[in-house]
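# give me a 3D structure for the following:
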Amino acid sequence: MVLGVKKLLELVKTKKLVENLSERELNNPEGAGFDIRIGELYKVKGKGFLGVEERETPGMELIAKYEEGKIQKVALSPRTYYALKTIETLNMPDDLLAITTPRSTLFRSGVYIFGGQTPPGYKGGLVMGIYNFRDEAFDLEMGARVLHIMFFQVEGESNLYRGQWQGGRVTTSEKEKQV
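Numbers count the residues shown, from 1 in each chain. Take a look at the predicted model:
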């Protein structure tokens, strides 16, 4: 079952479910979740590796970072893949799972965000891929609402997240053993 905004706002206040929400989301969220903003944008550089027991992600070069009160636009180059990190951070309780979808303005513009689920027990910012499918640049303002996040009740027992991405880490520093 997806949780409604009244319940979500209660969890924001009592459990810090989502930290750093915008005033709009704290006072007037729409739908059954929150809109989440882009806080950092990274150019993905180099080769990556995913094996059975080890992995190494490509390098990341920070190219833009949101600063309160400062308007900063970035141009997403055509047919280019980036990584983004959110301004908001999550503190997922044992009984909730979150799923994100890109805001429709993005996919109507030929830009898509690749994300997934956020499991029970995860704490930190969200890191996802963003790709401009078009043959021309797309302008994006840092701090813009780019995702919609929905929270689902987990029935029965769940295992808490114990992965190495806890805390919102963006990339690996070297080849590492997966847990």
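
# now do the helices in this structure.
Here the chain has its helices, by DSSP state H, at 5-15, 23-27, 104-108.

# contact partners for Gly115?
Thr100, Pro102, Leu126, Met128, Gly129, Leu147 (C-beta atoms under 8 Å, 6 or more residues apart in numbering). Using the backbone N, CA and C atoms, a C-beta is placed for each residue, glycine as well.

# in TSV, list those residues along with distance to Asn27 and pLDDT.
Putting these into TSV (distance: C-beta to C-beta, whole Å; pLDDT from 0 to 100) gives the following:
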residue	distance to Asn27	pLDDT
Thr100	21	97
Pro102	23	97
Leu126	22	98
Met128	26	97
Gly129	30	98
Leu147	19	97
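
# next step: those restricted to strands.
Secondary structure from DSSP state E places Thr100, Pro102, Leu126, Met128, Gly129, Leu147 of those in strands.

# kindly write the PyMOL command that selects the buried subset of those residues.
Those of these that count as buried under 16 or more other C-beta atoms under 10 Å are selected in PyMOL with:
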select buried, resi 100+102+126+128+147
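
# out of the ones in strands among the contacts of Gly115, which one sits closest to Arg108?
Nearest to Arg108 among the ones in strands among the contacts of Gly115 is Pro102, at 9.9 Å by C-beta to C-beta.
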